[in-house]
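Trainee: One predicted model, sequence on top.
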Amino acid sequence: MGGDKRIPAIAVVVALLWVASVVLLVDGVEGEELATQLWNGFTATHAAGAAAPFEPVLYAPNGVFAFGFLRVGPASLDLAVVHLPSSFPLWRATPVRLGDWSSPATLTFDSRLVLTDEQDGVLWQTPNTIGDAVVLLNSSNLVVRRHGKTEPAWQSFDKPSDTLVLDQKFTASSPPLISTNRRFALRLGKSHMALHMEFYGGRATPTYWRHTALQAHPENATRPPVYGRLDGRGFFGMYLEGGGGERVDVLAFDTFAQNITGVFRRMTLGDDGNLRAYYWTPGSTAWTSDFSAIAEQCELPTSCGAYGVCVPGRAQCQCLTNGTGAAPPSCRAEETADLCFGDGGGGPQQLEFDVVRRKRVSVAYKEELPFETYATAAECELACAANCSCWGAVYNGASGYCYLVDFPVETLVYEADDRKLGYFKVRKATSPAGPCMSPAVAAATAALSLILASLAAAGACTVYRMWERKRRRRPLMEQELAAGPYKYLESTVSSGNSFKA
């Protein structure tokens, strides 16, 4: 990143105020020794509506880190390990339901840590844990220990939230790093690390950035998988599991090989989807940026919001639907569900949508998208039009590549090339009568209905004619077979005159 690499001044001011509030809170307990270990039977209560945004209950021996109640946003409550000099949360419990900062909450330790409140009961706990003590190490690792055991019963390093710190092992089996807004994730594969968007609660996770370990040899099925670790020398290393931890790749930071010592490093997945590394030196007032996975603003997946178009160089945003300039994310609300509905045994149907076509657009991460090859843009459109899980297609007239966007449309990139063509679906508002089918599906359904109606009418006509013929022949058969008075036979012959010709 060019220019000043420090976090903006306003963030520094906020951080200083936060640290000051924590200091006031701690100093308010005069003469009380700071806890560096929690034993079975421990209980701490969050003061409802506390003024300080962080209430520590446990400290690392070096005094740099603390564990306690954290206010998230304007009024939510979570547990966190906080870097006290910067007030940055390095780890959060992130329960499914956050607590309410304005209500009392209780943290207990009796073999395991449990967070409860009066309204929802248990909000979070360390699962399947039997421990005797809780400590916060100088590395910022929160550990539940059991006497006589060298391995921790539970540790926060195994359950990262949005941040990795020095010497924290990150594996393919580790939970992914999830951004605070829950929209992005960092995952480790057998031989690569990748950034993903999160849609529909994690049911769709398209990749928008990937880094492959150069020496991992993913084609070799017998090679063990890789794991990652943040190194104090200024890089994120990837190593082979087992076999002495052979290093197979280095993702170098700006300070790599500069022999900077005595700094604390972290790597965090931000709410804009970018993965960044920072370091903190003693006496600092702000984190210093050291690495960004994505350098250009327009390469971020949501820099201009849903249905936005980012103009490189100027980082200017336009709306895909009308071409007007806009500040993100004002073009259109984010989608939370696909265009499919129903099943009925015949497969899902497609909700009604409008279509937007635009030239000179592409996707910054198209290399990560599925693609097909077509001779024309119309064929590319058809590949997406009838598929209710497809939201758009980007066609390159020069190569014939058709990139399918099988997730809600996010930020596109402007490219000064008339051969770059985009086809995009825009959901229509659901009518009060219920979900509607798309025009293409509705037209096909109407045509099929007409065909079926015609076949039904023709079939009914044929059946009627056959019945009429049988009805007219029946009296003659009765004349030959029926016994009875002559007058009935005469009546029968009279009624059968229509067959004489």
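Mentor: Arrived safely.

Trainee: Please make it C-alpha for all contacts and neighbour counts, starting now.
Mentor: Noted.

Trainee: Helix or strand with the lowest mean pLDDT in the chain?
Mentor: Scoring the helices and strands of the chain by mean pLDDT, DSSP states H and E places helix 486-495 at the bottom, with a mean of 33.

Trainee: Count the neighbours of residue 47 for me.
Mentor: Neighbour count for residue 47, taken as other C-alpha atoms under 10 Å: 16.

Trainee: So it versus residue 84, what's the distance?
Mentor: For residue 47, the distance to residue 84 (C-alpha to C-alpha, to the nearest Å) stands at 20 Å.

Trainee: what does residue 236 give?
Mentor: Residue 236 sits 24 Å away from residue 84, taking C-alpha to C-alpha as the criterion.

Trainee: Please name the nearest non-neighbouring residue to residue 337.
Mentor: Of all residues beyond its chain neighbours, the one nearest residue 337 is residue 200 (6.0 Å), with distances taken as C-alpha to C-alpha, 6 or more residues apart in numbering.

Trainee: List the buried residues for stretch 172-189?
Mentor: When neighbours are counted by 16 or more other C-alpha atoms under 10 Å, the buried residues of stretch 172-189 are found to be 172, 175-180, 183-188.

Trainee: State the number of residues packed around residue 288.
Mentor: Under the criterion other C-alpha under 10 Å, the count of neighbours that residue 288 has is 17.

Trainee: Out of the buried residues of stretch 172-189, the closest to residue 350 would be?
Mentor: For residue 350, the closest of the buried residues of stretch 172-189 turns out to be residue 183, at 25.1 Å, with distances computed as C-alpha to C-alpha.

Trainee: That closest one - nearest residue in space that isn't next to it in sequence?
Mentor: Nearest-residue entry for residue 183: residue 198, 5.0 Å, with adjacent residues in sequence omitted and distances by C-alpha to C-alpha, 6+ apart.

Trainee: Also residue 64?
Mentor: Nearest to residue 64 is residue 84, by C-alpha to C-alpha, 6+ apart, at 5.6 Å.

Trainee: Let me see the confidence value for the one you found.
Mentor: Each residue has a pLDDT score; the one for residue 84 is 98.

Trainee: roughly how far apart are it and residue 181?
Mentor: Relative to residue 181, residue 84 is positioned 23 Å away (C-alpha to C-alpha).

Trainee: swap in residue 227?
Mentor: 25 Å.

Trainee: same question, residue 147
Mentor: For residue 147, the distance to residue 181 (C-alpha to C-alpha) stands at 38 Å.

Trainee: what does residue 97 give?
Mentor: Counting by C-alpha to C-alpha, the gap from residue 97 to residue 181 is 14 Å.

Trainee: do residue 378 as well
Mentor: According to C-alpha to C-alpha, residue 378 stands 37 Å off from residue 181.

Trainee: in the stretch 351-500 of the chain, which spans are helices?
Mentor: If DSSP state H, counting those that start in this stretch is used as the criterion, the helices of the stretch 351-500 of the chain fall at 377-385, 439-481, 486-495.

Trainee: now what about the first one, what contacts it?
Mentor: For helix 377-385, the surrounding residues in contact (C-alpha atoms under 8 Å, 6 or more residues apart in numbering) are 374, 390-395, 397, 402, 404, 421, 423, 440.

Trainee: could I get that helix in PDB with only the CA atoms?
Mentor: Listed next in PDB are the C-alpha coordinates belonging to helix 377-385 (Å, rounded to 0.1, in the frame of the first residue of the first chain):
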ATOM      1  CA  ALA A 377     -22.900 -13.700 -26.400                       C
ATOM      2  CA  ALA A 378     -26.400 -14.900 -26.900                       C
ATOM      3  CA  GLU A 379     -25.300 -18.500 -26.200                       C
ATOM      4  CA  CYS A 380     -23.600 -17.300 -23.100                       C
ATOM      5  CA  GLU A 381     -26.800 -15.700 -21.900                       C
ATOM      6  CA  LEU A 382     -28.800 -18.800 -22.500                       C
ATOM      7  CA  ALA A 383     -26.400 -20.800 -20.300                       C
ATOM      8  CA  CYS A 384     -27.400 -18.600 -17.400                       C
ATOM      9  CA  ALA A 385     -31.000 -17.600 -18.200                       C
END
